[in-house]
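S.K.: compute the structure for the input listed below.
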Amino acid sequence: MRRSRHLLAVVTALLMGAAPGHADDATIRSGYALGAASCGDAPLAFPRLQIDMKAGFCAGLVASRDDGLRFPRSIVQIPGKPLFVIADMGGWGHEDGRLLILDPTAPAGQRLREAITRLSYPFGLVVGPEGRIYASTDTSIFRFDPLAPDPKASIETIIRNLPGRKLTLPDGVRITESAHPLKAFAFDRTGRLFVNVGSHSDNCLSSAPGRCAAAEGASPLAAIWLFTPPTGGVFPALTSGASDPPHEVFARGLRNSMALALHPRFPDPGTAFLQGENARDLQDVFAPNEEINAIEQGRHYGWPYCYDLATPSPEFKQALQSGALKDFCKTTALYKQPWSLLPPHGAPLGMLYYTGDRFDDLKGKLLVGLHGYRPTGSRLLAYEVDERGFPKVSQAPVRYHVSCAAEPTRAFQTAAGPAPAASFDEIISGWHRVNGIRPQGAPVGMTVADDGAIWLVEDKNQSVIRIDRTGEAAPEPLPCDTRSSQLIDRLTAFVMDDPASRQRLTTVRKTLIETHCSACHAEFGLKPGQSERDKDSAVLRFMLAQDGWITPGDPDAGRLRQRLRGLGAERQMPPGANLIKTEPGYAKLLDVTDDLVARMVPGTRMRVKAGGPPHRKFFARDGRECGDIPFGKVVVVTEKSAVNKPGFSRFFRPADPYLNGTCTDDNGYYIQQQFLVPL
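M.R.: Numbers count the residues shown, from 1 in each chain. Below is the predicted model of the structure:
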């Protein structure tokens, strides 16, 4: 019955004008199917997104990749103006970043213009104490005038030698790509500046085991640095040859502080300074938890020695049994446990107190955006806080949601058992991918505009979203529309039954997955006691079940290839290793991975022909329109001259973004023969 209701919700959405199968009519932007419905009032009325939101809220798409967004990470309004500044990193390439000016009232397609280009990893954007716009690169913080005739000429750098992507550790090891080079920062109301200096790696393994030297000393990584301005509360612009202002270590043991929120009254005694911790990458989907930390000067927050509340990191287990670190995770003299746990692997990248007037039920609450790609992420949370700004913690059990899981909620838990946590409301809950209707949500930075609306940017989906009020009833949540177990069975059988494909799979499993991947992100379905065949099958099933990792027949289209090779906006995995250059045979191994994907499905690989419209429609056997495939797209043709559909070729399931959700694999997919050409 539940599945029937979900299908009805999808059909209803389509009938209401989503029209996801008409990309050539400009109804799909950044993966979102747009209909006639809007969110907001003119001139700030934007196409409404079909994401699952709390009653009374709606989301409108302001800008997308079609407007020129590449990898937006943060947004802030220009004080007193109906304009916004966006930090667009462009990807993980050096000096690909830009600062953009967004005019949301301009015609669609003309809302963005470049202000400053060729920046290295721009991330943070803040309105400073004097009302000017401040921005960060991986090594600097500067202010500028976004409305100047030449904004670049107005740049005044106030800090320029922060630890960036290139580092030399205390033991002499040189890091060419730090794992966490981005600089989130925040001012308090006295003008003091707090800057995130992220850790260089996941767990600080080094040639000097027993203590994390990189996180020690007067200029540590994995810390929040404090810069205090001179009298008057404004930092002077650095002149040529001038040194950076002095800093002190405000707090340490913080792996990566991408989300910082200062209560409006901070630094009044007892008021909150909160940090959203992106905890370490364990392979368990439900461990470790992310954290909300209550930052106090001089305290240590655990990284890399402890995670969750007091769980010792296995790499430092011996060091924590004796010497200076003995019982470190159990004492409170220096180590300060999290104020509250956040959903595991949620990746908090944006956090602020809502101070606007548009949403009475959000007044004063703490908003936290979860960017994480795992089923606990892709959400916007709202926390009740006390009069000092701290989230209200409840005793265990406190539950959080898990998208598309057989068990839709789980209780916060650590290695010691159920744990207390602050409960929260979800402003955006269902943001999992639904074929042809929406991508998986990827919120990063957010801000509250002068009118009280909430603005978000998504990096992976290259979009700017505005959240407004609505008097309409909340629609039914959309179903999870991932690759079915039957389809995974079918694809697995193709590979396991073909000796050449099976050999490629074994090579990828042994020399790539088990050697370089399984220690960081997931166990890939591998378990003790499995046979070699079972291991191969488990790894393949895991990869096929992930969102967009593999497009059978077309290795160029999958996110797996992009991450392994560091292509486009996707950061290379494993991070910082650059194994293509440093490990003999690794480049060839990636070619084997490509061959595995390319030859996964029996048939003839062909390309959608260029010329004419940029998209080609494809159909089910019964004539239903299933979607549009852009020219250049590779498909695997299983029947060049379809017996039951003259003039058409039958091909294997297309990449999910091009499937509108109303067709099924059982009915097949067909395209006119004239639209296909050999590779």
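
S.K.: every contact and neighbour count from this point should use C-alpha atoms.
M.R.: Fine.

S.K.: any weak-confidence spans in the stretch 201-350 of the chain?
M.R.: Low-confidence segments of the stretch 201-350 of the chain (pLDDT under 70): 206-209, 283.

S.K.: show me where this protein has its helices.
M.R.: Counting by DSSP state H, residue ranges of the helices within the chain are 2-13, 485-496, 499-508, 532-545, 559-565, 579-582, 586-598.

S.K.: ok now the second one, how far from the chain's centre?
M.R.: Helix 485-496 has its average C-alpha position 29 Å from the chain's average C-alpha position, going by CA atoms, centre = their mean, to the nearest Å.

S.K.: which residue is nearest the centroid of this protein?
M.R.: The centre of the chain sits closest to His371, judged by CA atoms, centre = their mean, with a distance of 4.1 Å.

S.K.: wait, what's in contact with that one?
M.R.: His371 makes contact with 346-349, 377-379, 441-444 under the criterion CA atoms under 8 Å, 6 or more residues apart in numbering.

S.K.: now those residues as TSV including distance to Val285 and neighbour count?
M.R.: As requested, the contacts of His371 are exported to TSV (distance: CA to CA, whole Å; neighbours: other CA atoms under 10 Å):
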residue	distance to Val285	neighbour count
Gly346	10	25
Ala347	13	30
Pro348	16	33
Leu349	19	26
Gly377	11	28
Ser378	15	27
Arg379	17	28
Gly441	18	25
Ala442	18	25
Pro443	20	32
Val444	21	28
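
S.K.: from the residues you listed, which is closest to Asn644?
M.R.: For those, the minimum distance to Asn644 (CA to CA) is 39.3 Å, reached by Gly441.

S.K.: hang on, that closest one packs against Val457?
M.R.: No. Under the contact definition of CA atoms under 8 Å, Gly441 does not touch Val457, with a separation of 10.1 Å.

S.K.: which residues does the closest residue to Ser537 other than its chain neighbours contact?
M.R.: The spatially closest residue to Ser537, leaving aside those adjacent along the chain, is Thr492, at 6.8 Å (CA to CA, 6 or more residues apart in numbering). The contact partners of Thr492, taken as CA under 8 Å, 6+ apart, are 537, 540-541.

S.K.: switch the cut-off to 10 Å
M.R.: By CA atoms under 10 Å, 6 or more residues apart in numbering, the contact list for Thr492 reads 486, 502, 536-538, 540-541, 544, 600-601.

S.K.: of those residues, closest to Ala251?
M.R.: Of all these, Ala251 sits closest to Leu544, with 41.7 Å by CA to CA.

S.K.: look at the closest one and report its pLDDT.
M.R.: Per-residue pLDDT puts Leu544 at 90.

S.K.: give me the neighbour count for it.
M.R.: Using other CA atoms under 10 Å, Leu544 is surrounded by 22 other residues.

S.K.: I'd say it and Gln486 touch.
M.R.: No. With contacts counted by CA atoms under 10 Å, Leu544 stays clear of Gln486, the gap being 11.6 Å.

S.K.: so, low pLDDT: which residues of the protein?
M.R.: Low-confidence segments of the chain, defined by pLDDT under 70, are located at 1-26, 206-209, 283, 406, 481-482, 518-522, 547, 568-570, 576-577, 661-662.

S.K.: and Ser243, how far from Leu162?
M.R.: Applying CA to CA, to the nearest Å, the value for Ser243 to Leu162 is 12 Å.

S.K.: higher neighbour count, the two?
M.R.: The neighbour comparison of Ser243 against Leu162 (other CA under 10 Å) goes to Leu162, with 19 against 12.

S.K.: I figured that one hits Lys183, correct?
M.R.: Yes. Using CA under 10 Å as the test, Leu162 is close enough to Lys183 to be in contact (8.9 Å).

S.K.: starting from Ser199, give me the distance back to Thr515.
M.R.: Counting by CA to CA, the gap between Thr515 and Ser199 amounts to 23 Å.

S.K.: quick one, which of the two is more surrounded?
M.R.: Here Thr515 and Ser199 are compared on neighbour count by other CA under 10 Å; more neighbours surround Ser199, at 26 against 11.

S.K.: and the gap between the closest residue to the more buried one other than its chain neighbours and Asp202?
M.R.: Take Ser199 and drop its neighbours on the chain: the residue closest to it by CA to CA, 6+ apart is Ala222, 4.3 Å away. Distance check for Ala222 against Asp202: by CA to CA, it reads 10 Å.
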